[in-house]
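> here is a sequence with its predicted model. Questions after.
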Amino acid sequence: MHYPLATLHPLIQQHLHPRRLLKHARQCTPTQATWQAAFKHAACLRVAFMQQTVLAKDSAALTLLVQACTAGAVSLANRLHAYGAALRAAESRYEQIAHLQAQYAVLEKQLLCFVQYLRRYFPAHFNQEQPLPCSSTQKAQQRLAAHVATLQAALQTTGAADSFIAVVLAPFTPCIQAAPVQPLTYGRLLYLQRLAQELHDCIHHPATADTTIAVIVCLTQNNCNHPALVQYLVAQWQQHTAELPLPEAAAFWATRLREYTLMPHYGREGLYPALPPLRDSIVAAIRHEIQDAGAIASHTAAPPRQGAEPLVTTSLSVTQLAVLLRLLVHCGMIKCSNQSALFRQIAGAVRTEKAAKLSAESLRIKYHTPERTAISIVKDCLLQMVSALHKL
């Protein structure tokens with residue numbers, strides 16, 4: 001395949017360089033033919049591109065062609081933009097500077113129109129990680145800065161903490177600085193524009209009574225995988241659980257784990273495609289906290305009694321005991337926020353006539369999968385207890 005911009009590169013890099021044009025201006029050398037050739041080739045880029053698409057053997061070849069043309073057109077547009085800036089520095093020396101700047105601007109606009117054509121009609125092959133042209137970056141930064149100011153004002157009216165507002169605006173901040181810390185790509189610009197709109201709608205029409213929670217859900221569903229949000233959430237939860245007893249803290253982390261594991265995720269491209277999705281990062285952080293809580297519990301737990309016998313012997317089997325335990329919990333006679341701890345306590349304090357030592361795991365399994373026979377036997381035992389109750 002032939003590279004559609006192959007002719008434009010030497011024209012712009014060599015024949016339209018500011019030093020060459022200014023030299024020709026001093027010598028009165030005509031350069032109009034060079035400009036006309038450049039304009040002609042730029043105007044025919046779409047036709048030349050379409051001729052090459054016919055020769056593309058497969059989708060991979062077409063992707064390569066689209067991305068090569070995009071990178072080449074953006075590079076030439078940036079070069080023309082730099083040429084215009086160089087001419088502005090020499091404005092006081094030559095009278096034809098304004099005319100040359102206008103010529104550069106027209107040619108640059110033709111190249112950017114070609115890039116927009118590729119982006120609009122070949123979206124599946126367009127490289128969304130392609131940085132924006134220099135002339136487009138400043139305009140995009142101004143629009144994003146306006147979005148940030150609007151979002152900041154809206155969040156402040158809700159009474160949100162300054163630290164939370166900083167976290168919400170963190171994805172936008174690196175891209176609106178005068179010298180962006182991160183290149184503003186086509187994909188990132190599209191993502192930030194969509195995120196700003198959805199955050200605006202979320203703040204003004206929250207799905208929940210708590211705007212902060214609604215904003216966090218919005219960021220999660222949009223896969224705003226900025227590390228600052230994960231750090232903020234974990235720090236807030238750590239502060240909340242710091243004064244709680246260990247069982248309550250474990251229950252809190254388990255609730256957060258279940259909540260974020262089941263949270264809907266729309267599979268959208270994230271703010272940083274190379275990083276894991278935001279929901280996965282939050283779930284991983286919660287699991288880490290649960291592991292830490294488990295380690296603390298194992299170190300602070302009371303040592304087991306050496307040679308101590310179980311306190312209670314029951315005529316029920318393990319299966320029947322699990323059914324009875326489930327009834328007591330279900331009816332509220334036993335209040336329990338941590339079932340695993342309950343199973344361990346029962347297994348350590350009770351033995352059956354056939355088993356001198358119970359397994360907490362076996363008790364847990366039979367608790368959640370009761371057998372019909374065990375249910376029938378427990379029912380008979382309960383009827384006997386009701387009959388004995390009437391005789392008291």
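Okay, I see it. Numbering: from 1, shown residues only.

> helix or strand with the lowest mean pLDDT in this protein?
helix 18-27 (a mean of 68; mean pLDDT, DSSP states H and E).

> what's the following helix or strand after it?
Next in sequence after helix 18-27, counting helices and strands by DSSP states H and E, comes helix 32-43.

> after that next one, next one along is what?
That would be, after helix 32-43 and using DSSP H and E, helix 45-53.

> give the other helices and strands that that next one contacts.
When contacts are defined as 3 or more Cβ pairs under 8 Å, 6 or more residues apart in numbering; DSSP states H and E, helix 45-53 packs onto helix 59-89, helix 97-121. Where C-beta positions appear, they are placed from N, C-alpha and C, glycine not excepted.

> which strands and helices lie in contact with the first one?
The contact analysis (3+ Cβ pairs under 8 Å, 6+ apart) places helix 59-89 against helix 8-10, helix 18-27, helix 45-53, helix 97-121, helix 134-157.

> the first one: which residues count as buried?
Along helix 8-10, the positions that meet the burial threshold by neighbour count (16 or more other Cβ atoms under 10 Å) are L8.

> ok, and what's touching it?
With contacts defined as Cβ atoms under 8 Å, 6 or more residues apart in numbering, helix 8-10 is touched by 38, 41-42, 45, 72, 76.

> let me know the closest of those residues to L327.
For these, the minimum distance to L327 (Cβ to Cβ) is 74.4 Å, reached by G72.

> for the closest one, which residues are in contact?
The neighbours of G72, taking Cβ under 8 Å, 6+ apart as the test, are 3, 5, 9.

> give me that answer again for 6 Å
Taking Cβ atoms under 6 Å, 6 or more residues apart in numbering, we find G72 in contact with L5.

> which pLDDT value belongs to it?
Confidence at G72, expressed as pLDDT, is 95.

> with L190 instead?
L190 carries a pLDDT value of 93.

> before we move on, the earlier item: point out the most buried one among the helices and strands packed on helix 59-89.
When you average the neighbours per residue for each of the helices and strands packed on helix 59-89 (mean count of other Cβ atoms under 10 Å), helix 97-121 leads with a mean of 18.

> which residues are in contact with it?
The contact list for helix 97-121, computed with Cβ under 6 Å, 6+ apart, reads 21, 35, 38, 42, 45-46, 66, 70, 73, 76-77, 80, 83-84, 87, 91, 126.

> and T319, how many neighbours does it have?
T319 sits with 21 neighbouring residues when counted by other Cβ atoms under 10 Å.
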